[in-house]
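Q: Generate a structure from the sequence data that follows.
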Amino acid sequence: MKFTLGKNERLKSRKLIESLYKEGKSVKTFPFRLVYLQKSHTSEFPAQAGFSVPKRNFKRAVDRNRIKRVMRECYRLQKEMVYSNLEQPHVFMISYIGREELSYKELYSKMNKLLELFISKIKN
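A: Numbering: from 1, shown residues only. Now for the predicted structure:
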């Protein structure tokens, strides 16, 4: 499996995002919140992921963009764990709910915990 995060693996559809926030369930591991929904999509990948950082917590776009870039990198390196456990297509949005920026190592371990929690939630 390639460790890439291409265009087809990113959640971009407004309709999917709307239905995700209306009908989706969520899991939290500080500083992340993952909203997920089992729904078919146009991509051939088992999941499509989106990433968001609120403007309310980080006023400067530079800070928001850096956090999103680090989040995408942490997810990209660990997505194989998610893909191997999904039977049906899912869409999910990972939001950063913390108020200050954490180091890459901390975010990587927190992303790992979040994805493990998500897997255990969909298995049950």
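
Q: From residue 88, how far out is the nearest residue to residue 52 once chain neighbours are set aside?
A: The shortest distance from residue 52 to any non-neighbouring residue, by C-beta to C-beta, 6 or more residues apart in numbering, is to residue 95 (4.8 Å). C-betas here are computed from N, CA, C, even on glycine. Distance of residue 95 to residue 88, computed by C-beta to C-beta, to the nearest Å: 23 Å.

Q: Just want to know which of the two has more residues nearby.
A: In terms of neighbours (other C-beta atoms under 10 Å), residue 95 is the more surrounded of residue 95 and residue 88; the figures are 17 against 10.

Q: Shouldn't the more buried one be within a strand?
A: Yes. Assessed with DSSP: H, G, I helix; E, B strand; the rest coil, residue 95 lies in a strand.

Q: Tell me who's in contact with the residue nearest to residue 52.
A: For residue 95, the contact set (C-beta atoms under 8 Å, 6 or more residues apart in numbering) comprises 32-35, 51-54.

Q: what does residue 30 give?
A: Counting by C-beta under 8 Å, 6+ apart, residue 30 has contacts 97-98, 110.

Q: how about the longest helix anywhere in the chain: buried residues?
A: Identified as the longest helix of the chain according to DSSP state H is helix 61-83. The neighbour-count check on helix 61-83 (16 or more other C-beta atoms under 10 Å) flags 64, 67-68, 70-72, 74-76, 78-79, 82 as buried.

Q: Give me the contact list for it.
A: Residues outside helix 61-83 that contact it (C-beta under 8 Å, 6+ apart) are 1, 3-5, 9, 32, 45-47, 49, 51-53, 55, 58, 94, 96, 101, 104, 107-108, 111-112, 115-116, 118-119.

Q: mind running it again at 6 Å?
A: By C-beta atoms under 6 Å, 6 or more residues apart in numbering, the residues outside helix 61-83 that reach it are 1, 5, 46, 51, 53, 58, 96, 104, 107-108, 111-112, 115.

Q: Check these for burial and list the buried ones.
A: Here, 16+ other C-beta under 10 Å leaves 5, 46, 51, 53, 58, 96, 107-108, 111, 115 buried among these.

Q: picking up where we left off before, give me the subset of the contacts of helix 61-83 that lies in helices.
A: Those of the contacts of helix 61-83 lying in helices (DSSP H): 104, 107-108, 111-112, 115.
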